[in-house]
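Asker: Generate a structure from the sequence data that follows.
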Amino acid sequence: MRAPDRGGVIWLGMASESSVYAGQLRRELGLRNRLHARGRLHVESYGNPPVIVYAPEKGRHGNFLDAAYAAIAARPEWMRRFGKIHAQGRALPRPEAEPLRRWRELDSSMSSDALLMNVFCTPGVADSAAVRRMLGVEEGEPTVFGWKARVPLKSGRFDRTEVDMLWGSLLVEAKLTEGDFQTRAATVLDGYRDFDAVFERGLLPRVELRIARRREAIEFPEEFTQEWEPTEGTGEVSAAESEALAFRSAIVARVEEAAGSVAAYASYQLIRNVLAAYAEGCSFCVVHDARRPDLREAWFEVMTAVKSAELRVRLKVLTWQELAPLLPEALQEFLDLKYGIVGPGRVASPVEGMGDIV
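Answerer: Presented below is the predicted three-dimensional model:
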């Protein structure tokens, strides 16, 4: 299974544990949001399984707890987060009562940014002494969503890629159903000024990226055939079709092998945000779902490669489930029903079809 990456490269490898965990969680959230969406303006994507995408209504938004959405609407700097257009918005169906706006990333039931804002925009959460102690934040510190970090480059310029949230001196990266923390070629990481000062290169997770090349129109014309297309009817694959599919797989493998590869690092987002924390003198916390142990392991791999013990103690990890018991009761109920997020030792509310998820 291949997943495209930016910059014309392809991450090689078989389907990993990460994709399994992410797929299971997406299926569960799809079932939960199909139930939650009843009576709320929404559409279902064309994918399988479909993703629920909510449209704003008068005074509320189906993807948000009412109290959280009211707080967001009252803060223009928070409301600006809705300006980010949904990457696949043009491929989504229109709602029955179309809003005068394009689909936004925060409309998606799979959005980790929406989950982050549901939690930290709900009145009382940022003021909670228990929540502040858990995250190491001082009283009265403001929350900034989509904060533009200044990560120094060797060129003298800065990488201004945004961090999900800045709360006082704490940087937060929120994750939910994302497959991983992205992958980038080693040459990209070499461009950061403090890369070698912060990390032990040999301990960082490395991967091989295959360089994708454009196939010429006349390349292998005689080797491509309609026999590769499955026949309609029984759904069974004939011996001839099986042979043709194996033939095609061999061609694709040969082309990829000839394409070449480049050295790269996995967990690019984590590496970049650790560099941001180093440059800004901040702490950095990854908040993820307990059903995604793969993300936790990826974060531990990166933390292990940090040279400075002083910086390592400023690096944190937290699950939404660990945070849940400290939140207001209405928010806890919302997270349970919509996301299946409950505190440790509790069982999330059942949803029809959940038994099919293994």
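
Asker: list the contacts for the nearest residue to Asp159 once chain neighbours are set aside?
Answerer: Distances taken as CB to CB, 6 or more residues apart in numbering place Val151 nearest to Asp159, at 4.1 Å, with adjacent residues excluded. C-betas here are computed from N, CA, C, even on glycine. Counting by CB atoms under 8 Å, 6 or more residues apart in numbering, Val151 touches 158-161, 192, 272, 275-276, 279.

Asker: ok, now with 7 Å
Answerer: Shown in contact with Val151 (CB atoms under 7 Å, 6 or more residues apart in numbering): 158-159, 192, 272, 275-276, 279.

Asker: swap in Val144?
Answerer: Neighbouring residues of Val144 by CB under 7 Å, 6+ apart: 165-166.

Asker: ok, now how distant is it from Met117?
Answerer: 12 Å (CB to CB, to the nearest Å).

Asker: Now for the two: what residues contact both?
Answerer: Both Val144 and Met117 lack any common contact, where contact means CB under 7 Å, 6+ apart.

Asker: Tell me, how many residues neighbour the closest residue to Glu17 other than its chain neighbours?
Answerer: In this structure, Glu17 finds its nearest non-sequential neighbour in Asp294, 5.2 Å apart by CB to CB, 6+ apart. Counted with other CB atoms under 10 Å, the neighbours of Asp294 add up to 18.

Asker: How about residues contacting the strand or helix carrying Asp294?
Answerer: Using DSSP states H and E, the element containing Asp294 is helix 293-304. Helix 293-304 is contacted from outside by 17-18, 21, 175, 180-181, 203-205, 267, 270-271, 274, 286, 288, 312, 315, 317, using CB under 7 Å, 6+ apart.

Asker: Just the mean pLDDT for the following helix or strand past it, thanks.
Answerer: Using DSSP H and E, the helix or strand that follows helix 293-304 in sequence is helix 309-312. Across helix 309-312, pLDDT averages out at 97.

Asker: Quick check: buried residues in helix 309-312?
Answerer: Within helix 309-312, the residues scored as buried using 16 or more other CB atoms under 10 Å are Leu311.

Asker: Please enumerate residues in contact with it?
Answerer: Contacts to helix 309-312, defined as CB under 7 Å, 6+ apart, come from residues 198, 278, 303, 306.

Asker: From what I see, the first one and Asn273 are in contact.
Answerer: No. Judged on CB atoms under 7 Å, Val198 makes no contact with Asn273 at a distance of 11.3 Å.

Asker: of these two, who's got more company?
Answerer: Asn273 (26 against 19).

Asker: and the helix or strand where the more buried one lies, what's its mean pLDDT?
Answerer: Using DSSP H and E, Asn273 maps to helix 268-280. Here helix 268-280 scores 97 as its mean pLDDT.

Asker: following it, which helix or strand comes up?
Answerer: Scanning forward in sequence from helix 268-280 by DSSP H and E, the next helix or strand is strand 283-288.

Asker: residue ranges of the helices in this protein, please?
Answerer: Applying DSSP state H to the chain gives helices spanning 17-36, 66-73, 76-79, 112-120, 129-135, 186-189, 195-198, 239-259, 268-280, 293-304, 309-312, 320-323, 329-339.

Asker: Can you check what angle separates the last one from helix 17-36?
Answerer: Here helix 329-339 runs at an angle of 110 degrees relative to helix 17-36 (axes from the mean of the first three to the mean of the last three CA atoms, to 10 degrees).

Asker: helices and strands around helix 329-339, which ones?
Answerer: Helix 329-339 is packed against helix 17-36, with contacts defined by 3 or more CB pairs under 7 Å, 6 or more residues apart in numbering; DSSP states H and E.

Asker: The helix it packs on - contacts with which helices or strands?
Answerer: Here helix 17-36 touches strand 52-54, helix 293-304, helix 329-339, going by 3+ CB pairs under 7 Å, 6+ apart.

Asker: rerun that using 6 Å as the cut-off
Answerer: Of the remaining helices and strands, those touching helix 17-36 by 3 or more CB pairs under 6 Å, 6 or more residues apart in numbering; DSSP states H and E are helix 293-304.
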